[in-house]
Structure formats: C-alpha cells, structure tokens
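quick one: sequence plus predicted model below, questions after.
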Amino acid sequence: MDKFTKVTGVAAPLMRQNVDTDLIIRIERLVDNVGREGLGPFCFEQIRFKPDGSEDPDCILNQAPYREAPIILSRENFGCGSSREGAVWALKGFGIKTVIAPYFGDIFNNNCFQNGILPVALPIEEIEQLADEMTASPGNARVTVDLENCVVVSPTGRTIPFQIDARRQHAMLNGLDDIAQTFSRKAEIEAWQSNDKTARPWVWL
Amino acid sequence: MSKTLFDKIWDSHVISDLGNGFVLLHIDRLLLHDMSGGKALKEAIEKGYAPSQPRLIYGTPDHTMSTQPGRTEKSFPPGEPLILSMRETTRAYGIKLFDLGQDGQGIVHVMGPEQGLTLPGTTLVCGDSHTSTHGGMGALAFGIGASELVHTIATQTMVQRKPKRFRASFEGALQPGVTAKDMILHLIGDVGTAAGTGYAVEYAGSAVRALPVEARLTLCNLTIEMGARTGMVAPDDTTYEYLDGRDYAPKGAMWDRAVAHWRTLPSDPDAGFDREHTIDMRNVAPQITWGTSPEHVIAVDRAIPDPSKAPEEKRGAWEAALQYQGLEPGQPIEGTRVDWVFIGSCTNSRISDLRAAAAIAKGRHKADHVTAWVVPGSVRIKREAEAEGLDKVFLDAGFEWREPGCSMCLASNGERVPPGKRSVSTSNRNFVGRQGPGARTHLASPAMAAAAAIKGAIADVRKIG
C-alpha cells in the first residue's frame, strides 16, 4: 500500500451532502475492463460532464485551480452507498490524496485506508471555513493535511487537529499491508478454527 | 454480563485483540459475485495467497449478465469476461459456484438464505453493501471492499473495529398495504441516511417478530441506506422453520444441536444499546421516495415536500433532488406519471414479493405507456413462481417476465431506465443516475410498484386492493 505522510495543495470545495460512491464512479466503468489505474478520467463523470460528453464549466472540479486539487472538501456522509472500492481507485486516479468531510460511509472509509487515501473527519463548521478560505484567494490558498501530527493547516495558517485510530495511522504512515500482518497470526487462526469445529460443527461444510 | 445478539456473535468470533479497538474476526461465510469475485480470487492468487478455506466460500453470478429470457453470459458482452473469470477461478480452487443456467443461481443475497448457507450466529461477508440482508437470518453480515475481500479469501478473517449498538424497534400491527419495505423506508426517513454510521443495528419489536423470514431479509437489506453496515433480527422459530431442510442447513442430530445453540443468541432482556429508536406501526402508511436519497421518503398520500420548509442544512439537497426528479413541491405525489416499473433486486425479488405484486396485477393490465419488468431473485424463485402461474399473471398484465439477476437496480448489465424517464422500483437506491444516467427512481414495495404499472402513475396500493 502507498504511504501517506503529508499533503499540501489546493482543496476543492465539493460542498454536497451524501456524495455516494455511484456518483464517484459509475458501475459500468467497473464492468469495462479499464483496470484500477484507468478509472481516474471517469471520476465524478456525472457532475463533471454534460450529457453530450463535454466538460461542464459550472462544476468546481473543472475550474482552475481546483481541477488539479489533491484534496476534496465535502459535507456529511461522503462515500455512502455501494461498497465499490472502484470509488477510491477513481479518486486516486483523479489525483485525490485526501478527503475532508464531517463523516464518511463506513465501507468507503475502510476502503480508503486500504489504498493510501486519507479520510479526515472534521466538524462541518471547520470545513465550511476551509472552503471560505480557499475561495477567498483561489490562486494562492493551500491546505496541508499532516498525518504524522494529525493536523490540518488552513490557508490562513490555522491549525485544526483531527483524530485517527492509532493502528490506521501507523499503517498509513508505513504503507503496511493488512494481509501480511494477519498472516503472521496463522497459528492463532488455525487454533481458533480447530476449536470451533468442535463447538459449532454445523458451520463447517 | 448481559449481551446483545450482536455482541454474542461478535465476541464469539474474535480470534485476537489487535489493540486500539481492533480485533481479528473469523469469517464463517464468504459469498462472491461476478462484479468482484473472479478479480479478487485472481488478485489473491497473484499475491501468493490461495483461498485458505475454500469450503466456506460460495459464489453466483448476478451483476453483469443480461436478464432477457434465454440469456447466456454472451448476451451482455461486457460482463462475459467477469463471469468467465469467476467460473475459472472458483473451479481451480474447488469453490462451489451456482453458475448461470444452474439450479441455485440468483442474486447473491437471495441465494445465501435460499440454500441454507446463511445460518444464525454466523459471520458472513460479501463484496456488496447489501450483504446486511443476511442479518434477517440472525447472522452478522456486512459488505466489504475489494481489498478486504482479498484479505478474507487469503485468511478467512477480517481486521475490524467493533461498532456501537443501535436498536430499532417497530411496535404494533402493520396497517393495510404496509410491508417490511415500508417499515425500513419509514425508519430511514425518520432517522436519516447516516444515523447508523458506526453502528450495528438490531431490528426488534412486535412488528418485526411477526414478520416472515423473507420480509426480515428485506428489512435488513436497506440497513446500509441508513449508514450501518450490518442489521440483524434475532433468530426464532420463524427462522428455524424457514431453514429446516434447506440444502446446506444442518440435518438430523446436528440440526438439533445447532438450534439449541441458536436459541442462546437473542439479546438478553437487560442488554444495553448505545442508541434506540422506536416506530409505532399504527402511524405508518405505504411509503414512496420522492428524491435522490432513501431518506427522501413520504407516505404515498402526502404532498411532495417543500424545500423552503426543510431543515436549513438539507434545503440545498432537497432543491437539487426535486430538480433532478422533475417534481413540484406541494403537489400530491400520487398521480405522478411513471414510465417504468422494476420489480426485483436483492431487496424485493423473493417469492412473497412476486406474489404480492401478482395479486395487484392479476386480472388487470399495465398502462400503455409503462414498461414493467419482473426479475425474479433466483432460478428457484422463478420456477416456484411459474409453478404457481405468477409468470402468466404478469405476462397477461403486460409485464415482462425475465431471468434472475440484479438487472435494473444498478444497471451494471446495461439494463437501464432511459434518461429523464421515471421509474417506480422495488430496489434499494434512488441515487442520481443509479438506474442509468438521468433516470428518476422512486423506491416502493412490490405491490406499490405493480399498482404504479397498472395506473401508469404513482398510486396508493390501498385504493386498488
């Protein structure tokens, strides 16, 4: 997994509630054999493009400087809906490194941590202020997300702390793979299974 | 110490405590479907991890094939590689596949309970957010992403953090025309689409106890639409009667032993929940969604909501939803012209759903301008329905009778509601573009959907009878 330590860059205010994973990536893009790396161009296609396929200039993700943003600011429940991990792959392919929202869909949140994308939960008032600071000086404003110190630094230099599970922070900072860690517990898993075969034999087909 | 149903299943599946609130959890059942199954197996194998417990893994294709009568995997060419890949990888590792054209094939969340693979007290995961469906059997079931899928294939475990406990109680008798679909839509409307985020939900109360198993599956299916990954109903005699004799359910003395264990699972009377919500079913009428989130839901006899009266933080979302849906605030939702009707999906494609829709369609005909589809949830359901003559009821009423699959719920097989067209669907999501770019979706129960097809407009099923 990719490491995540710190990102500094433009933060695009996509200030909607309930940005669902269908909106982030359409299901047919996951049926088409474009591969994980090929999904970036289709990220948010329903809002970035008009029905005729041309770019919609009203979409903030098509406007300078936000079209190059590595950070997305959003409202409540970002990543709700379908479990498709393609939503995270699409964001990654689109150049997004971190999403800041009040809270996230549970499955999306887990998927982010599997791919080195950092979901940062902040109170909505803080996010609204970050959005205001971004739009106040769109040319120069930058946001920093620092995972080592668990802080977001706003364009005006305000430092906003955020919380993250220590286990996930460690895994992200070091790019650790869950499977390898679990495999080191193979003996424990097998002992549990052996006991369970006696206790609940009907489960073991 | 008193424990909830959820605690009992969770605690008994913890292999080790990983610290910081995380545990390594044993997974008793992994279900695969064609969207991610073949790919995940291939990825695991390429990384050097063969499936560790192939006999605990079961698969069936449902997402990416056509549902037209006489279909094969070739009928929807983009899906063919996914289906072939699943076939090849499951065969290589001795994983049971209920393949296209075979008995047992169906929507993965229909297949599990139908086969008796989904058992009370088990942990079950699948790469699909509607895996919560299996909670209707008293299982702890949740949807996972592709990376977690590979982890489960490789280790038959998952690294998880324990969620909090939410009890949603439904009390009293269901009013005429009201179903499990209306119960869960009403709850989501009440508490909102994120109320369950970070929680495991237990559905309880007299109205839930009275539900047959298929209705409990519908109830648990939409749990993810209130933000929770898992929702469950305590197992009871209704559950055991449903399970007894199913292909993969325990038999004979083993059955008795299993039932004795399952009877210990329901929440202790004094077990605590972090959040509680109670709904009085005397006040719940048939529901229909009006917007682009499952929380945008009203009783069918109500007016379309006015964003100027919305809570301030929701006003923008309501305005955008009405614009997308092409609806005027303040107008009755009943009578809104409908172009498509879709009866199917892991929410509402079981035999009881088809019977309820057929009871409305029988002896009537759909409106001329409506295209109405019935997509049974599995090969077995399709056969059972045909044995009862339900296919004929639907065909006589002008509906299409199709092959099992996810179909137009998420349109991953190319079966779409056309842009700008309005659909009443028995599925689970009314998101922007969910049923196809520009498609407008209204979620409702099977009987409500059938009523809409007959009237050619959103209709109150109680007036059809």
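The structure has been received and is ready for your questions.

please make it C-alpha for all contacts and neighbour counts, starting now.
Fine.

who are the contact partners of residue 79?
Assuming you mean chain A. Residue A:79 makes contact with A:18-21, A:104-105, A:108-109 under the criterion Cα atoms under 8 Å, 6 or more residues apart in numbering or on different chains.

sorry, should have said chain B
Applying Cα under 8 Å, 6+ apart, the residues contacting residue B:79 are A:31-32, B:64-65, B:73, B:413.

could I get the residues you listed as JSON lines with pLDDT?
Formatted as JSON lines, the contacts of residue B:79 follow (pLDDT from 0 to 100):
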{"residue": "A:31", "pLDDT": "94"}
{"residue": "A:32", "pLDDT": "87"}
{"residue": "B:64", "pLDDT": "97"}
{"residue": "B:65", "pLDDT": "97"}
{"residue": "B:73", "pLDDT": "97"}
{"residue": "B:413", "pLDDT": "96"}
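
okay, the contacts of residue A:79 in CSV with distance to residue B:321 next?
Putting the contacts of residue A:79 into CSV (distance: Cα to Cα, whole Å) gives the following:
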residue, distance to residue B:321
A:18, 12
A:19, 13
A:20, 14
A:21, 17
A:104, 21
A:105, 20
A:108, 23
A:109, 25
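
if we look at chain B, which of those are close to it?
Counting by Cα under 8 Å from any Cα of the partner chain, A:20, A:104-105, A:108 from the contacts of residue A:79 sit close to chain B.

put the buried members of those into a ChimeraX selection.
Paste this into ChimeraX to select the buried members of the ones next to chain B among the contacts of residue A:79, with burial taken from 16 or more other Cα atoms under 10 Å in any protein chain shown:
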select /A:20,104,105,108
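
list just the nearest of the ones next to chain B among the contacts of residue A:79 to residue B:44.
Comparing the ones next to chain B among the contacts of residue A:79 against residue B:44 with Cα to Cα places residue A:108 closest, at 20.7 Å.

got the phi/psi numbers for the closest one?
phi -60, psi -40 (degrees, to the nearest 10).

rewinding a little: just the buried ones from the contacts of residue B:79?
For the contacts of residue B:79, buried by 16+ other Cα under 10 Å: A:31, B:64-65, B:73, B:413.

hmm, back to that, ok, the ones next to chain B among the contacts of residue A:79 vs chain B, which is closest?
Closest approach to chain B among those (Cα to the nearest Cα): residue A:105, at 6.5 Å.

what about the closest residue to that closest one other than its chain neighbours, how many residues close to it?
Distance criterion Cα to Cα, 6 or more residues apart in numbering or on different chains; nearest residue to residue A:105, sequence neighbours excluded, is residue A:80 at 4.2 Å. By other Cα atoms under 10 Å in any protein chain shown, the residues close to residue A:80 number 30.

pull the contacting residues for residue A:80.
Residue A:80 neighbours (Cα under 8 Å, 6+ apart): A:18-21, A:104-108, B:227.

switch the contacts of residue B:79 over to a markdown table; also include distance to residue B:193 and secondary structure.
Output for the contacts of residue B:79, formatted as a markdown table (distance: Cα to Cα, whole Å; DSSP: H, G, I helix; E, B strand; the rest coil):
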| residue | distance to residue B:193 | secondary structure |
| --- | --- | --- |
| A:31 | 27 | helix |
| A:32 | 30 | coil |
| B:64 | 27 | coil |
| B:65 | 30 | coil |
| B:73 | 36 | coil |
| B:413 | 27 | coil |
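
of all the residues you listed, which two lie farthest apart?
Top of the distance list for the contacts of residue B:79 (Cα to Cα): A:32 and B:73, 14.9 Å.

what residues sit buried inside the one helix or strand in chain A whose mean pLDDT sits lowest?
Comparing every helix and strand of chain A by mean pLDDT, DSSP states H and E singles out helix A:178-183 as the least confident one, with a mean of 90. Neighbour counts over helix A:178-183 (16+ other Cα under 10 Å) mark A:178-179, A:182-183 as buried.

near chain B too, which of these?
A:178-179, A:182-183.

hmm, back to that, which strands and helices sit next to the least confident helix or strand of chain A?
helix B:146-155 (3 or more Cα pairs under 8 Å, 6 or more residues apart in numbering or on different chains; DSSP states H and E).

list the contacts of the helix it packs on.
With contact meaning Cα under 8 Å, 6+ apart, helix B:146-155 is reached by A:84-85, A:111, A:114, A:178-179, A:182-183, A:186, B:27, B:30, B:36, B:40-41, B:43-44, B:49-53, B:126-127, B:157-158.

returning to that earlier point: helices - which of the contacts of residue A:80 land there?
The members of the contacts of residue A:80 that map onto helices under DSSP state H are A:21, A:106-108.

most widely separated two among those residues?
Top of the distance list for the ones in helices among the contacts of residue A:80 (Cα to Cα): A:21 and A:106, 11.8 Å.

residue A:97 touches residue A:117, doesn't it?
Yes - between residue A:97 and residue A:117 there is a contact under Cα atoms under 8 Å: 5.2 Å.

what about the strands in chain A?
Secondary structure of chain A (DSSP state E): strands located at A:6-9, A:11-14, A:71-74, A:98-101, A:118-121, A:143-146, A:151-153, A:159-161.

sorry, wrong one. I was asking about the stretch 1-150 of chain B.
Assigned by DSSP state E, counting those that start in this stretch, the stretch 1-150 of chain B shows strands spanning B:14-19, B:22-26, B:29-32, B:57-59, B:96-97, B:123-126, B:140-143.

what is the first one packed up against?
If you count contacts as 3+ Cα pairs under 8 Å, 6+ apart, strand B:14-19 packs onto helix A:186-199, strand B:22-26.

tell me which of those is the most buried.
strand B:22-26 (a mean of 21; mean count of other Cα atoms under 10 Å in any protein chain shown).

and residue B:6, how many neighbours?
28.

so how do I select the buried members of the contacts of helix B:146-155 in PyMOL?
Only the buried members of the contacts of helix B:146-155 end up in this PyMOL selection, burial being decided by 16+ other Cα under 10 Å:
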select buried, (chain A and resi 84+85+111+114+178+179+182+183) or (chain B and resi 27+30+36+40+41+43+44+49+50+51+53+126+127+157+158)
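
I'd assumed residue A:98 was in contact with residue A:146.
No - shown here, residue A:146 and residue A:98 do not form a contact pair, counting by Cα under 8 Å, at 10.5 Å.

neighbour count: the two, which is higher?
Set residue A:146 next to residue A:98 and count neighbours by other Cα under 10 Å: residue A:98 wins out with 24 against 17.

dump the residue contacts of the more buried one.
Residue A:98 sits in contact with A:70-72, A:117-120, A:145, where contact means Cα under 8 Å, 6+ apart.

would you turn these into TSV with neighbour count?
Formatted as TSV, the contacts of residue A:98 follow (neighbours: other Cα atoms under 10 Å in any protein chain shown):
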residue	neighbour count
A:70	21
A:71	25
A:72	22
A:117	24
A:118	27
A:119	23
A:120	22
A:145	28
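
and which of the residues you listed is nearest to chain B?
Out of these, the member with the shortest distance to chain B (by Cα to the nearest Cα) is residue A:117, at 13.3 Å.

what about stretch B:438-446, distance to the chain center?
Its chain's C-alpha centre and that of stretch B:438-446 lie 15 Å apart, by Cα atoms, centre = their mean, to the nearest Å.
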